[in-house]
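> with the input below, show me the fold.
(4 chains)
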Number of protein chains: 2
Amino acid sequence: MTIADVARAAGVSKMTVSNVTSGRVGVRPETRARVLAAIEHSGYQVNPLARALAGGRSRLIGITVPSLSWPYVGEIVQGASQAAEAAGLDLAVFTWPSGQPLPDGLALLRHLTGGLLSILPPDLEDESIWPRSAPSPPQVSVGGPGRYQLLVDNYGGARQAAAYLADLGHTRIAHIVGATDTAPHDAAERLRGYRDELHSRGLALPDAYVSPGTYHERSGLDAAQALLRLPDPPTAIFAANDAMAVGAVHAAQDLGLRVPHDLSVVGFDDLPSARAVRPNLTTVRQPLRDLGRLGVLWLGALARGEQPSSPHILPTELVVRESSGPGPSRFKGVL
Amino acid sequence: MTIADVARAAGVSKMTVSNVTSGRVGVRPETRARVLAAIEHSGYQVNPLARALAGGRSRLIGITVPSLSWPYVGEIVQGASQAAEAAGLDLAVFTWPSGQPLPDGLALLRHLTGGLLSILPPDLEDESIWPRSAPSPPQVSVGGPGRYQLLVDNYGGARQAAAYLADLGHTRIAHIVGATDTAPHDAAERLRGYRDELHSRGLALPDAYVSPGTYHERSGLDAAQALLRLPDPPTAIFAANDAMAVGAVHAAQDLGLRVPHDLSVVGFDDLPSARAVRPNLTTVRQPLRDLGRLGVLWLGALARGEQPSSPHILPTELVVRESSGPGPSRFKGVL
DNA sequence: CTGTTAGCGCGTTCAG
DNA sequence: CTGAACGCGCTAACAG
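Numbering: from 1, shown residues only, chains lettered A, B, ... in the order given. Below you'll find the predicted structure:
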């Protein structure tokens, strides 16, 4: 079943069939009906490969992600997926673990897709994935380097969290840092925001209050355990993501401390799990779905020849729930 | 940069370049070296589209998933992804929400991929996704209908869970059923396993002990709350997945009950989150990553002309953790 | 409005 | 071991 078969059956040329399947104008209604009937009758489907090879516009966009087992990534993809569906586009997801070489499958994307969205792309020397010489589809980068980048205000979000805890009366506020290999930039920015905010308030910040983590729940538990055993333990912990914040809550509970009464915990991300945990997590919300949605929108704009202003930095939002409360000074003063 | 350019630069024919890039034998080493040098120098990359269009074998496999925001699905994809990488294959993920029409992007898969793995595919009248007439790549189905299907022993797993609770001395064991729209077959099988096991032991099973859920944490919480407020509340709850089990734990805690002392809770799935929850969840482990891994292996076998014996049913495994304990009879007898 | 002529880039016959 | 010719299915130009 090729376009030629349909053309023969409808008594027209291949070109006319092509015009019909591509939804182009300028085909007489009765001719169109005849072609459509022939298509229906034969069960013909256009071959997207041949179409792409011949230079037709692609309605497929590609998205590369470091891993699909991180809920974080799933949220972004979900946002992109919805936006793509709304725009009548198809979305193909490729995993591209950071540090790994470029998967061969991506060569395909280059020829087949109308645009590429990369989540946390590895930091390539060259900004582009493809050899510069050849023409490539537009690409937008989420949280990584690139010509068109969509970012989240990690620095500002961290300052929000630190400011919130300080305003509650906490003076001993520790931070569990994110992994420095997975999303190094994000982790560094959150650390910087935390530091700057505390410094600006003249709060002491012992080295021991900055504890390394891996973004995994377990590392949050371990880090918090160590923090809480310090001679002068923190009364509040700001973790660089929700998973580690949950670990911190568990560490506190293991030591017989109550959250938020004895320890306040603030996370970062606001994944659905933040609401499924007891106590519900106070956290800095990242607009993850918006990230995916905007990425697809940008790709559409780029395809239309428009130039989004890059980089675009999305704001975060502090979501106060149950894992945070007043600092000890507020109580101690009264007692 | 086409194959012709490389051929010209290396002073050979296109055929020779093709032989080199396809790793075929019968090219003189020095010629091969010359070609490789020309490729390196020019930054040439084969166009997978043209290759596929010309009938070459594809190293790409496709996988369709209902959604990427369910951790359940992420695990399977992760397994498939690892197996694909090990086999030197590329994997493209497409979302295909159940109930939705076939995304156009899948037409592409048909022409481009060497095989298709479908997670929980919608129940099509016709077993195959494509029109039967045309040749299609092999497809294996995970948890859904199809010529080659990979399944999990949901029935057996549910019996394991019910038997375990009964062996602990529980006599009042309730079940929170999974969504009947999302993965109806799975939910029904788990319910059937639960029923059969309790019946075989002659345990009473009031209608009120079978409570509907949606697979979401919130529905587990609501269902458990209702169950625990029954005049004769259950002492154990078996939920059809981990998320609802977590909800049940929270419902119990909200009512001042201790888990597992006052209520035992068993889940289903054993997602990573089952270990990140307090108390750690006792649950029926599904080999999700194996599902993805096996799917890719089957696709490879099918490409080689072998016929896997279908359906293949993978066993589950009961993982005992902290959310389950002896039934009240054991204690009450002593007191 | 429709048909004709060229390719898109590569793999595959066949001869040499 | 290599080279020429042809075809995969479709679309972009240009005619008519």
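> the stretch 201-335 of chain A: strands as residue ranges?
With DSSP state E, counting those that start in this stretch, the ranges of strands along the stretch 201-335 of chain A come out as A:210-212, A:236-239, A:264-269, A:282-285, A:312-314, A:317-319.
> just give the nearest non-adjacent residue to A:Glu189, would you?
A:Asn154 (3.7 Å; CB to CB, 6 or more residues apart in numbering or on different chains). Bear in mind the C-beta positions are built from the backbone N, C-alpha and C, glycine included.
> how many neighbouring residues does the one you found have?
26 (other CB atoms under 10 Å in any protein chain shown).
> was I right about A:Ala80 contacting A:Gly295?
Yes. With contact defined as CB atoms under 8 Å, A:Ala80 counts as touching A:Gly295 (5.7 Å).
> are there residues contacting both of the two? Which ones?
A:63, A:117 (CB atoms under 8 Å, 6 or more residues apart in numbering or on different chains).
> rewinding a little: how close does the residue nearest to A:Glu189 get to chain B?
Separation of A:Asn154 from chain B (CB to the nearest CB, to the nearest Å) stands at 23 Å.
> A:Val17 now?
16 Å.
> and that residue, backbone torsions?
The phi and psi values for A:Val17, taken as degrees, to the nearest 10, are phi -60, psi -40.
> quick check, it in contact with A:Leu36.
No. In this structure, A:Val17 is not within contact of A:Leu36 by CB under 8 Å, at 9.8 Å.
> more neighbours, those two?
A:Val17 (27 against 15).
> flag every residue of chain A that's near DNA strand C.
When proximity is defined by CB under 7 Å from any atom of the strand, chain A lies next to DNA strand C at A:11-16, A:19, A:26-28, A:31-32, A:50, A:53-55.
> top of those by number of neighbours, please.
Neighbour max across the residues of chain A next to DNA strand C (other CB under 10 Å) = A:Thr16, 22 neighbours.
> would you agree it falls within a helix?
Yes. Counting by DSSP: H, G, I helix; E, B strand; the rest coil, A:Thr16 is located in a helix.
> that one contacts A:Val35, correct?
Yes. Contact status for A:Thr16 versus A:Val35: in contact at 6.5 Å, counting by CB under 8 Å.
> shared neighbours of these two, anything?
Shared contacts of A:Thr16 and A:Val35, defined by CB under 8 Å, 6+ apart, are found at A:10, A:27.
> so where is chain A shaky, pLDDT-wise?
A:122-135, A:329-335 (pLDDT under 70).
> residue contacts, A:Val319?
So A:Val319 contacts A:270, A:274, A:282-285 (CB under 8 Å, 6+ apart).
> actually A:Val17, not the one I typed
A:3, A:6-7, A:10, A:35, A:38-39.
> could you check how far it is from B:Gly105?
A:Val17 is 22 Å from B:Gly105, where distance means CB to CB, to the nearest Å.
> how about A:Gly11?
32 Å.
> surely A:Ser13 and A:Ala7 touch.
Yes. The criterion here is CB under 8 Å, and A:Ser13 meets it with A:Ala7 at 5.7 Å.
> about what we covered before: where neighbours are concerned, which of the contacts of A:Val17 has the most?
A:Val6 (26 neighbours).
> for my notes, confirm it occurs in a helix.
Yes. A:Val6: assigned to a helix according to three-state DSSP.
> go through the contacts of A:Val319 and say which is closest to B:Ser323.
Here the nearest of the contacts of A:Val319 to B:Ser323, counting by CB to CB, is A:Ala274; it sits at 21.1 Å.
> wait, that closest one sits on A:Gln286?
No. Using CB under 8 Å, A:Ala274 is not in contact with A:Gln286, being 11.0 Å away.
> for these two, indicate the residue with more neighbours.
Set A:Ala274 next to A:Gln286 and count neighbours by other CB under 10 Å: A:Gln286 wins out with 27 against 23.
> can you report phi and psi for that one?
The phi/psi pair for A:Gln286 (degrees, to the nearest 10) reads phi -100, psi 130.
> surely it touches A:Leu150?
No. Assessed by CB under 8 Å, A:Gln286 is found out of contact with A:Leu150, at 11.7 Å.
> anything in contact with each of these two?
A:Leu314.
> what sits closest to A:Phe268 if chain neighbours are left out?
In space, and not counting its chain neighbours, A:Phe268 is closest to A:Val284: 4.6 Å by CB to CB, 6+ apart.
> who's in contact with the one you found?
A:157-158, A:160-161, A:266-270, A:316-319.
> ditto for A:Thr180
So A:Thr180 contacts A:187-188, A:212 (CB under 8 Å, 6+ apart).
> same check on A:Gly178?
A:186-187, A:190, A:213-215, A:240-241, A:244.
> for A:Gly79, same thing?
A:Gly79 neighbours (CB under 8 Å, 6+ apart): A:288-293, A:295.
> name the SS class of it, please.
A:Gly79 ends up helix, using three-state DSSP.
> A:Gly256: neighbouring residues, count only.
A:Gly256: 7 neighbours (other CB under 10 Å).
> do you know how far it is from A:Leu263?
A:Gly256 is 11 Å from A:Leu263, by CB to CB.
> need the max-distance pair from the contacts of A:Gly178.
Among the contacts of A:Gly178, A:Arg190 and A:Thr214 lie farthest apart (CB to CB), at 14.1 Å.
> more crowded one of those two?
Shown here are A:Arg190 and A:Thr214; by other CB under 10 Å, A:Arg190 has more neighbours (29 against 22).
> could I have the buried ones of the contacts of A:Gly178 as ChimeraX selection syntax?
To isolate the buried members of these in ChimeraX, using 16 or more other CB atoms under 10 Å in any protein chain shown:
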select /A:186,187,190,213,214,215,240,241,244
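> still on that earlier bit, in a markdown table: the strands of the stretch 201-335 of chain A, plus distance to A:Asp196.
Converted to a markdown table, those look like this (distance: least, CB to CB, whole Å):
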| stretch | distance to A:Asp196 |
| --- | --- |
| strand A:210-212 | 13 |
| strand A:236-239 | 13 |
| strand A:264-269 | 16 |
| strand A:282-285 | 15 |
| strand A:312-314 | 17 |
| strand A:317-319 | 16 |
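> contacting residues for A:Thr316?
A:152-154, A:156-157, A:160, A:284-287.
> excluding chain neighbours, what is closest to it?
Going by CB to CB, 6+ apart, A:Thr316 has A:Gly157 as its nearest residue, at 3.4 Å.
> what's the closest of the contacts of A:Gly178 to DNA strand D?
Distance ranking of the contacts of A:Gly178 against DNA strand D, using CB to the nearest atom of the strand, places A:Asp186 first at 40.6 Å.
> just the buried residues of the helix or strand where that closest one lies, please?
Using DSSP states H and E, A:Asp186 sits within helix A:184-200. Across helix A:184-200, burial judged by 16+ other CB under 10 Å covers A:185-191, A:193-195, A:197-198.
> thanks a lot, catch you later.
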